[in-house]
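# Generate a structure from the sequence data that follows.
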Amino acid sequence: MAVPWSLCRGSCRWLIVFECRLLGSGSSLIHNHPSGDPKPSRDDIEMTKEIRKAAEALGISIHDHLVIGRKGHASFRSLGLI
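As a prediction, the model looks like this:
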């Protein structure tokens, strides 16, 4: 069962989706860039580091962070940022 939460910071909306599975738990982060450019900003990268640190303290893995824009999407995992 997935439980969504959203956090606001600046003009971005953060959506944290937690998934609990039989063998463990994990999370993916998803937010949009109103500008349409999905390239992760410095703030995106720093916030992701902060969230990962907090999640790890709770035993939650962050699998990926997706940034959605009109020009496509960016995956932190694919970019080597996670």
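# Run through the helices of the protein in chain order.
42-57 (DSSP state H).
# which parts of stretch 39-47 are buried?
Buried residues in stretch 39-47, defined by neighbour count with 16 or more other Cβ atoms under 10 Å: 40, 44, 47. All C-beta atoms are positioned from the backbone trio N, CA, C, and that covers glycine.
# Need the nearest residue in space to residue 35, chain neighbours excluded.
Leaving aside its sequence neighbours, residue 35 sits nearest to residue 69 (Cβ to Cβ, 6 or more residues apart in numbering; 6.9 Å).
# measure the one you found to residue 27 for me?
21 Å (Cβ to Cβ, to the nearest Å).
# More neighbours: the two, which one.
residue 27 (21 against 15; other Cβ atoms under 10 Å).
# how much space between that one and residue 59?
11 Å.
# and what of residue 78?
25 Å.
# Quick check: the gap between residue 70 and residue 41.
Taken as Cβ to Cβ, the span from residue 70 to residue 41 is 16 Å.
# if we can go back for a sec, neighbour count: residue 78 and residue 59, which is higher?
For residue 78 versus residue 59, the count of surrounding residues by other Cβ under 10 Å is larger for residue 78: 11 against 8.
# Just the pLDDT for that one.
Residue 78 is assigned a predicted lDDT (pLDDT) of 94.
# just residue 50 next, same as before
At residue 50, the model reports a pLDDT of 88.
# Count the residues that sit near it.
Using other Cβ under 10 Å, the number of residues around residue 50 comes to 9.
# Spatially, what comes nearest to residue 76 if we skip its sequence neighbours?
residue 65 (4.0 Å).
# tell me the contacts of the one you found?
28-30, 40, 44, 48, 75-77, 81-82 (Cβ atoms under 8 Å, 6 or more residues apart in numbering).
# Please report phi then psi for residue 34.
Backbone geometry at residue 34, expressed as degrees, to the nearest 10, gives phi -60, psi -20.
# hmm, back to that, from the buried residues of stretch 39-47, which single one is nearest residue 53?
residue 47 (10.8 Å; Cβ to Cβ).
# Look up how far residue 26 lies from that closest one.
Distance from residue 47 to residue 26, by Cβ to Cβ: 18 Å.
# hang on, isn't the residue nearest to residue 35 packed against residue 38?
Yes - counting by Cβ atoms under 8 Å, residue 69 touches residue 38, with 3.6 Å between them.
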